[in-house]
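Colleague: model this:
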Amino acid sequence: HRTLDGHGHWVNCLALSTDAALRTGAHDHRGAAPADAAAAAAAAAAKRYAERRDRGGGELLASGSDDFTLFLWAPAASKKAVARLTGHVQLVNAAAFSPDGQWLASASFDGAVRLWAARTGKFVATLRGHVGAVYQLAWSGDSRLLASGSKDSTIKVWSVTEKGCLRTLEGHTSSVLTGIAVAPSGNFIATCDRNEKVRVSRFPQCAVVESFCLGHETFVSGCAFLSETELVSSGGDGALRLWDPATGACAARFVVGGPATTVSAMAVSGPTVALALEGEATIVVLSLIHISEPTRPRLISYAVFCLK
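Modeller: This next block holds a predicted model:
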């Protein structure tokens with residue numbers, strides 16, 4: 001293993017150049033995936049990951065910190081940073097590589113979103129429009145659009161080619177946006193905040209609300225698409241819920257902790273979901289069957305890792 005040293009303060013966020021391939025599994029940017037056996041889907045997912053990893057010279061890692069900077073690393077090759085990215089004037093809260101591996105986006109408490117060349121760390125543009133700290137970032141599957149969520153209670157959709165804002169999604173009543181997720185095809189965007197609902201809107205026509213996913217008993221801590229027809233969300237009620245994003249219907253609910261358990265973070269890779277439980281030093285990993293049969297969604301494996 002390698003220790004990557006360089007930041008002068010806490011590290012707030014990490015991003016891999018292969019994140020999109022890891023997150024979407026066998027699904028491409030059109031939302032298509034092998035229709036046959038799970039083995040074929042697993043092989044397609046592995047192939048997509050390898051292609052993304054090897055494109056341009058290997059997998060990259062970006063880190064953002066309270067020291068207002070980002071570092072770009074090639075951890076498989078060296079513990080020395082590829083580049084140090086400066087320009088934000090407050091702490092860096094989020095970073096995300098575009099699915100095609102060309103761009104790196106960063107978000108900061110200074111209210112700005114900055115674009116960088118992913119392989120070199122060269123500054124490209126600053127996207128301004130938010131009037132509060134920016135918490136969340138999400139790319140469209142074709143890498144042409146970027147969504148950002150802010151303390152100003154809005155989500156903005158940016159054009160990478162025009163370096164400007166195309167749409168502003170309003171309507172969230174909480175100033176803390178806890179999650180943004182774009183469907184693999186780019187047709188839908190799911191957003192959630194400190195309230196109990198997940199909002200699914202057309203993308204990039206964000207004013208058109210497709211559905212509201214209602215059922216969490218407390219705040220929603222994150223959301224993610226497993227596929228075009230599968231959306232998951234986690235919350236302060238210790239539950240993971242699976243939704244049909246087109247209708248907002250809850251297909252399944254899995255409780256991963258007691259009444260006082262809060263799921264503080266969530267990550268997905270294909271049908272696998274990892275949940276971090278706040279205050280318990282525990283990560284729960286669930287592998288879920290796809291909701292191709294809406295009346296029979298079920299858990300197919302479950303594991304708990306204690307970090308104490």
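
Colleague: how much space between the nearest residue to V255 once chain neighbours are set aside and V182?
Modeller: Closest residue to V255 apart from its sequence neighbours, by CB to CB, 6 or more residues apart in numbering: A239 at 5.2 Å. (Glycine included, C-beta is placed from N, CA and C.) Separation of A239 from V182 (CB to CB, to the nearest Å): 23 Å.

Colleague: what do you get for V256?
Modeller: 25 Å.

Colleague: residues in contact with the residue nearest to V255?
Modeller: 216-217, 253-256, 263 (CB atoms under 8 Å, 6 or more residues apart in numbering).

Colleague: can you tell me which of those residues lies nearest to F123?
Modeller: Nearest to F123 among those: V263, at 35.6 Å, using CB to CB.

Colleague: Could you give the number of residues near that closest one?
Modeller: V263 has 23 neighbouring residues, counting by other CB atoms under 10 Å.

Colleague: just to revisit the earlier point, who has more neighbours, V256 and V182?
Modeller: V182 (23 against 18).

Colleague: Show the pLDDT at that one.
Modeller: Per-residue pLDDT puts V182 at 90.

Colleague: what sits opposite it in the beta ladder?
Modeller: On the basis of DSSP bridges, V182 is bridged to I189.

Colleague: cool, W139 as well?
Modeller: Beta-bridge partners, per DSSP bridges, of W139: L146.

Colleague: Look at it and say how many residues are nearby.
Modeller: The number of residues near W139, taken as other CB under 10 Å, comes to 23.

Colleague: Please flag which of the contacts of A239 sit within strands.
Modeller: Using DSSP state E, 253-255, 263 are the members of those that sit in strands.

Colleague: Give me the phi and psi angles of the residue nearest to V89 when sequence neighbours are not counted.
Modeller: Nearest residue to V89, sequence neighbours excluded (CB to CB, 6+ apart): D110, at 4.7 Å. D110 adopts backbone torsions of phi -80, psi 0, taken as degrees, to the nearest 10.
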